[in-house]
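1. Would you be able to build a 3D model of this:
(one chain, ligands or ions: 1)
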Amino acid sequence: MSTVNIDLLAEELIRRVKSYLISTIGRTAEEADANEFYRALCYAIREETMINWQATARTIAKNQSRQIYYLSMEYLPGRLFVNNITNLCSKDVVKLVLQKMNRNLRSIVEQEEDPGLGNGGLGRLASCLLDSLATHHYPAQAYGLRYQYGIFEQQLWNGAQIEAPDCWLLNENPWEFRRDLRRVHVKFCGKPQTTYNIHGDEILSLTEAEEVGALPYDIPIVGYSKNSNFSVVTLRLWSTKDSPRNFLLQKYNAGRLDQAAENTTLTDVLYPSDNNDIGKRIRLKQEFLLVSASLQDIVRHHLAQYNNLRQFADKVRIQINDTHPSLVIAELVRILTKDHDLPWKTAVEITEACTGYTNHTILSEALEQWDKALFYYLLPRQCRIIERINLDFCNAIRSRYPQDEERIRRLSIIENDKVRMANLAIVGSHKVNGVAKLHTEILKNSVFKDFYEFFPDKFVNITNGVTQRRWLLECNPELARFITQRIGDKWITDFLTIKELAKFASDPESQLEFLAIKKKNKFKFIEYINRENRLRDANGIIISPPPLLDVDSIFDVQIKRIHEYKRQLMNALHLIMLYQEITQNPNHQRIKRTVVIGGKAAAGYETAKDIIRLIYCIARKVNQDPIVGPFLKIVYLENYNVTKAEIVIPASDLSEQISTAGTEASGTGNMKMAMNGALTIGTQDGANIEMEEEVTPEWWPFSFGCTAEQIAQLKMTNSYSSKEIYDNNPAIKKAVDALRDRSFAQTEEEHQIFSDLYHKLIEMHYGGAPDRYFMLKDLQSFYDTQLKVEELYKKPKKWAEYAIHNIAGMGKFSTDFSVHNYAALIWGIEPCPIDQELLDRVRYDYAAHNRC
Ligand code: 26W
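-> Modelled structure (predicted):
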């Protein structure tokens, strides 16, 4: 863009900002505080996006394109301001505006809350997919819930996790649009009355049902484009807050405030649980709210365009993100048979043709099951429909496998008075996908083995990705420039071309430049930590600044939800080994290391909280130790979220992906860090395996630990004993013993907590075998591999060569690639770029409107 042009654009934007400040906020540019200024600037920028938003919708309607509707209980979009100006390629203009108006970018950016409408990987994946769908012009719309309180804010009070509410909506959110005209009503409970449709199929109507109003708020998801033809995808989030009849005044008058407010508070909080079933009544209501409101909206939209449902199976695709929205299966069948008089068989066929189910977890404790009595009470009609689907399905199994009642029990949707949502999702949808090759194989061969035998063609793999636009272009502008200078900028929308970077890996100048960029990012991270990551005492009072960090140390980073299977505890045991080695061996050869660990523990997950506490206490001791301190610093990154990820990922040298093989479905942090030039120390789990394949084993030096097969073998033969390793490996024994000899505990409470961790590792884990995730089994291999890490880090240029090869190998791990696969293998949809004529027309209307 020429400077004249950029100047004109900046002047126009300034005019709009000033106008918004006066007309909607009532302040002049001089008076406005940072938040007011931020909002006016967003209003000004979004004018551009509104035009394309309209044009995207009109184009899809005109082309009568098949559309994908993505349903997810969770999204983690991150802050939108910088993301949107990045995707609009107007960052330079905005910077100029700020300069001319005497405002500081950081203080503006920090006005925006980070919408924490998800727990972790699943929610962030959904947001990365939306960025790719928008960028590649796919006809798509997403649905979710507008939680008033997102994932809690984590504070550590002397190492104990305290959860504070995340009030992200206190200020007006300039990126959302309330759509009063699109309000729908969702029915719960009531008495079902049997009637029949014109085909003689049983249908149920409800009397005395509870009706809950759901009001949508739309957020535009702006696709990347260098031109003005970018597409915009709608993220529609439902809220039950603002529908007056949701508050049951009669119950209130009878003194039952809790019951009176249940429906107005339905979308108040995100359940802060990850990879663990919750089984709570309100959660089931939330899930049905999402499903019912979204389906009503989808059907209304379809009817508005086509007048009938004859083409529904052709035009509509619905993806259910894990089982959480799997009630779609029952509710769509109900809508089709009852509201639209379709025969049962047709309704089931349409539903199956339209829906796909993505599984994100293999942990059995994460598979959702609902108590049938509760299910029937809240959703009597859907319960009846599931019973009938199940009856048909069980009959089909019986006719293929006569007399195999055991098999029927395993496959049945309802069993032992539980409704098994994964079974419902598999039976009711036409494709089921895992999120990495190994994960999909495990689904086919173990978790859903019987289903795979019954429906071999349903199962497909779509390996996860991340959007390189947020996770490289936006969060690491220096590295993005480094790449673009060498291979041009096509990687921004075609990440497979990143492989061209490999030829610069051995170029000394590129290596030095890479190292300089990494160092700058580490400085920025240190600055951030010094500013924000204060330590608190047991009463939450800030006591001291964080430890001083050394930019020349290796930045060793593990950031993800805290879970036993992710093995932060194994990381902690390794830190203890390092500590013991450095204190006890004056001739040690260790290098300087900064270990960053971040992540939230589910509020009710005691063991995960205990692991945080342990890491905190190790850090407390290590950081102040005069001998160890210079070599090892440990930082617990408080309240890890998308915004913090954007700061720590560009600064990381070493990416810890150390889950027990066969437990992590895919992982996506692994991809983000590799894309930013970190090397992975990792097990052969999830997408790590495919990352190694792409980078090639030559440039993937730090793979360690048992394979999924070896772990499965150990489990099958019942032959693993952590005690045996503990007894025979003195270094491991010494580290584990530190858990109960008060090395790191200052109080009785801490001592008790660490002794419990010891107990779970060596003696017994919740009544089962100890060390359920094989930490001691892999610990020696982990330790040895960490030594290899240090050897390589001593040769910075060699390290840089590896890092550049890793970046170059990430092409497959863009969500652009994932959405192309979903589009081709599951949805059968095509890109639908904005029609220029329609865009011009909207623009003309807008300009005409603007003149009056
Ligand atoms: C019902 C409670 C609950 C909530 C969330 C159970 C399970 C979940 C999610 C499925 C857990 C999750 O986020 N899974 C992660 O999904 C990522 C995206 O596919 C993967 O990269 C991670 O490996 C997987 O743990």
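2. How about the residues of the protein by the ligand?
-> Counting by C-beta under 6 Å from any ligand atom, the chain comes close to the ligand at 119-122, 125, 273-278, 322, 360-361, 366, 368, 435, 464, 664-668, 686. For the C-beta atoms, the positions are set from N, CA and C on the backbone; glycine is no exception.
3. Just the buried ones from those?
-> Buried residues within the residues of the chain next to the ligand, counting neighbours by 16 or more other C-beta atoms under 10 Å: 119-122, 125, 273-277, 322, 360-361, 366, 368, 435, 464, 664-668, 686.
4. Quick check, central residue of this structure?
-> Arg124 (2.4 Å; C-alpha atoms, centre = their mean).
5. how many other residues sit next to Val551?
-> For Val551, the count of nearby residues is 16 (other C-beta atoms under 10 Å).
6. Equivalent analysis for Ile615, please.
-> 27.
7. same thing with the one 4 residues further on?
-> One way to gauge burial is a neighbour count; for Ala619, by other C-beta under 10 Å, it gives 24.
8. Surely it is in contact with Leu637?
-> No - taking contacts as C-beta atoms under 8 Å, Ala619 lies outside contact range of Leu637: 11.0 Å.
9. average model confidence for the longest helix belonging to the chain?
-> Of all segments of type helix in the chain, defined using DSSP state H, the longest is helix 34-63. Averaging pLDDT along helix 34-63 yields 97.
10. send the alpha carbons of the helix or strand following it over as CSV?
-> Sequence order places strand 67-71 as the next helix or strand after helix 34-63, per DSSP states H and E. What follows is strand 67-71, C-alpha atoms only, in CSV (Å, rounded to 0.1, in the frame of the first residue of the first chain):
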residue,chain,number,x,y,z
GLN,A,67,-23.9,-24.9,4.4
ILE,A,68,-22.1,-26.3,7.4
TYR,A,69,-23.5,-25.5,10.9
TYR,A,70,-20.9,-26.0,13.6
LEU,A,71,-22.3,-26.7,17.0
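11. Pull up the gap between Arg381 and the ligand, please.
-> Here the criterion is C-beta to the nearest ligand atom, to the nearest Å. By it, Arg381 lies 23 Å from the ligand.
12. Give me the spatial nearest neighbour of that residue, chain neighbours excluded.
-> Leu204 (4.4 Å; C-beta to C-beta, 6 or more residues apart in numbering).
13. and the one you found, helix, strand or coil?
-> strand (DSSP: H, G, I helix; E, B strand; the rest coil).
14. give me the number of residues near it?
-> 19.
15. contacting residues around it?
-> Shown in contact with Leu204 (C-beta atoms under 8 Å, 6 or more residues apart in numbering): 192-195, 338, 380-381, 384.
16. Kindly indicate the member of these with the most neighbours.
-> Arg381 (21 neighbours).
17. secondary structure element for it?
-> Per DSSP H and E, Arg381 falls inside helix 380-400.
18. Name the residues that touch that helix?
-> Helix 380-400 has contacts (C-beta under 8 Å, 6+ apart) with 189-192, 202, 204, 206, 288, 327, 329-331, 333-334, 344, 348, 372, 375-376, 404, 407-408, 411-414, 419, 424, 427-428, 454.
19. Which members of the residues you listed are positioned in strands?
-> Here DSSP state E is the test, and the contacts of helix 380-400 give 191-192, 202, 204, 206, 414, 419 as lying in strands.
20. what sits against Gly120?
-> Applying C-beta under 8 Å, 6+ apart, the residues contacting Gly120 are 76, 274, 560-561.
21. hmm, try it at 6 Å
-> 274, 561 (C-beta atoms under 6 Å, 6 or more residues apart in numbering).
22. any idea of the pLDDT on Asn275?
-> The model reports Asn275 with a pLDDT of 78.
23. and the residue of the stretch 501-650 of the chain found nearest the ligand, which of the three is it?
-> In the stretch 501-650 of the chain, the residue that lies nearest the ligand is Arg561 (7.6 Å; C-beta to the nearest ligand atom). On the three-state scheme (three-state DSSP), Arg561 is labelled coil.
24. Quick check: it touching Asp274?
-> Yes - applying C-beta atoms under 6 Å as the test, Arg561 and Asp274 come out as touching, 4.8 Å apart.
25. quick one: average pLDDT of stretch 174-192?
-> The pLDDT scores in stretch 174-192 average 97.
26. hmm, back to that, what is the orientation angle of the longest helix of the chain with strand 67-71?
-> 140 degrees (axes from the mean of the first three to the mean of the last three C-alpha atoms, to 10 degrees).
27. Pull out the buried positions in helix 34-63.
-> Under 16+ other C-beta under 10 Å, the buried positions of helix 34-63 are 35-46, 48-49, 51-60.
28. Take the buried ones among the residues of the chain next to the ligand and keep only those in helices.
-> 121-122, 125.
29. doesn't Tyr616 make contact with Tyr636?
-> Yes - using C-beta under 6 Å, Tyr636 is in contact with Tyr616, at 5.4 Å.
30. Contacts only, for the residue of the stretch 501-650 of the chain closest to the ligand.
-> By C-beta under 6 Å, 6+ apart, Arg561 lies in contact with 120, 274, 599.
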